[in-house]
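S.K.: After the sequence you'll find the predicted model.
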Amino acid sequence: MFSRSVVSASRQRTKACVHAPSRALASVAEASSSTQAGKPSTEPVINAAVVLNRSPIITRTPTPFERAYYAYQSRIRRALFNPFPADFYFKSGTLLEKQFERREKIREREAFGGKWSFKDGRRSSNVDEFGELPVGAESAELGEEVLTPPAPRVHESDRTGDVKSLDRMGERNLYLLVQGKDRAGKSMWRFPEGSLEKGELLHQAAVRDLYAECGENMDAWMVGRKPIAMHQPSGSENERRHSIRPQAYTFFLKGHILAGQVRPGKTVSDFAWLTKEEIESRVDKAYWASVKDILADF
């Protein structure tokens, strides 16, 4: 009897010791939750931004080295290639023979330079003292239509400095930057962006915010659904952790404009199509460090 009473008493003490801390922990948790309820939320804000790109619309101008290399290869091909049997294909004195000879002289001059025809070893009567063919008279003599010269490679927007034109800097990649306000109300240049809504994916928020800020008067294509870069708030990890204001993290997604133009919304005061070098001078240093590696150098 004595042993049974001792065992039962020890069991009751053990149960009391087990349940006592749980009541204390529950009261602490309730107190902490009640204190946090009055504090502002410091959960990070997730933004989705679109790096909207306009690809080059004309080929790049060859460098002096590239032009010299192509001219050298052209001279080699012209020097090694077998003479064309013009007598077999063209009747002597016909219009087609004259057209062929004219084009052949142009090809010879482009390959070797100068004003001499390498076919007969003397200067042609149709070539002036500067080695150029008179376009109007020669075309009229051969019955050909005078060709319209190609459009210049430098657009009018390049001469006037119009950064809103999609025709400027045809050889370079251009990116859309908009001027808006940050959370502190300060004006800044950035890529089109916006915050995620509940249950929304990154690429969905990026497309929605792009058209909300830049209008629906353009056709844009998103390259993928995964971000290509991320911009986090400046400062150390300890400062961000103890900051009262919520920190914003921006994820960048790549897009291309296919047609149309920007029509800024209410949150955007200005926009510009800029090259990589022009973007650096407009954005914040921390922002530039996050996006410089995802922009093309040409």
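M.R.: Yep, that arrived.
S.K.: Please enumerate the strands of the stretch 151-298 of the chain.
M.R.: Assigned by DSSP state E, counting those that start in this stretch, the strands in the stretch 151-298 of the chain fall at 174-181, 187-190, 193-195, 218-222, 229-231, 248-260, 270-274.
S.K.: and the third one, what does it pack onto?
M.R.: Applying 3 or more CB pairs under 8 Å, 6 or more residues apart in numbering; DSSP states H and E, one finds that strand 193-195 makes contact with strand 45-54, helix 202-214. For the C-beta atoms, the positions are set from N, CA and C on the backbone; glycine is no exception.
S.K.: so how many other residues sit close to Val51?
M.R.: 22 (other CB atoms under 10 Å).
S.K.: residues in contact with it?
M.R.: 175, 191, 228, 252-255, 291, 294-295 (CB atoms under 8 Å, 6 or more residues apart in numbering).
S.K.: ok, now Leu201?
M.R.: Counting by CB under 8 Å, 6+ apart, Leu201 touches Arg225.
S.K.: Spatially, what comes nearest to Pro44 if we skip its sequence neighbours?
M.R.: Counting by CB to CB, 6 or more residues apart in numbering, Pro44 lies nearest to Gln247, which is 4.9 Å off, once chain neighbours are set aside.
S.K.: Please work out how many residues are found near the one you found.
M.R.: Neighbours of Gln247 (other CB under 10 Å): 17.
S.K.: Rebuild the helices and strands packed on strand 193-195 as CSV, extending it with distance to Glu171 and mean pLDDT.
M.R.: Shown next, in CSV, are those (distance: least, CB to CB, whole Å; pLDDT from 0 to 100):
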stretch, distance to Glu171, mean pLDDT
strand 45-54, 12, 92
helix 202-214, 24, 92
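S.K.: any idea which helix or strand carries Tyr99?
M.R.: No Tyr there; residue 99 is Gln. helix 95-112 (DSSP states H and E).
S.K.: which strands and helices sit next to that helix?
M.R.: By 3+ CB pairs under 8 Å, 6+ apart, helix 95-112 packs against helix 64-80, helix 86-89, helix 135-142.
S.K.: Of all the residues in that helix, which ones are buried?
M.R.: Neighbour counts using 16 or more other CB atoms under 10 Å place 98, 101-102, 105, 108-109, 111 of helix 95-112 among the buried residues.
S.K.: now the angle between helix 64-80 and it, please.
M.R.: 130 degrees (axes from the mean of the first three to the mean of the last three CA atoms, to 10 degrees).
S.K.: what pLDDT, on average, does helix 95-112 get?
M.R.: Throughout helix 95-112, pLDDT has a mean value of 80.
S.K.: on that earlier part again, between the helices and strands packed on helix 95-112, which one is closest to Lys276.
M.R.: helix 64-80 (21.9 Å; CB to CB).
S.K.: Okay, now the unreliable bits of the stretch 101-250 of the chain?
M.R.: Within the stretch 101-250 of the chain, the ranges that satisfy pLDDT under 70 run 113-147, 234-246.
S.K.: circling back: could you dump the helices and strands packed on strand 193-195 to a markdown table with distance to Lys91?
M.R.: Shown next, in a markdown table, are these (distance: least, CB to CB, whole Å):
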| stretch | distance to Lys91 |
| --- | --- |
| strand 45-54 | 52 |
| helix 202-214 | 63 |
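S.K.: so which of those comes closest to Asp158?
M.R.: Closest among the helices and strands packed on strand 193-195, using CB to CB: strand 45-54, at 14.3 Å.
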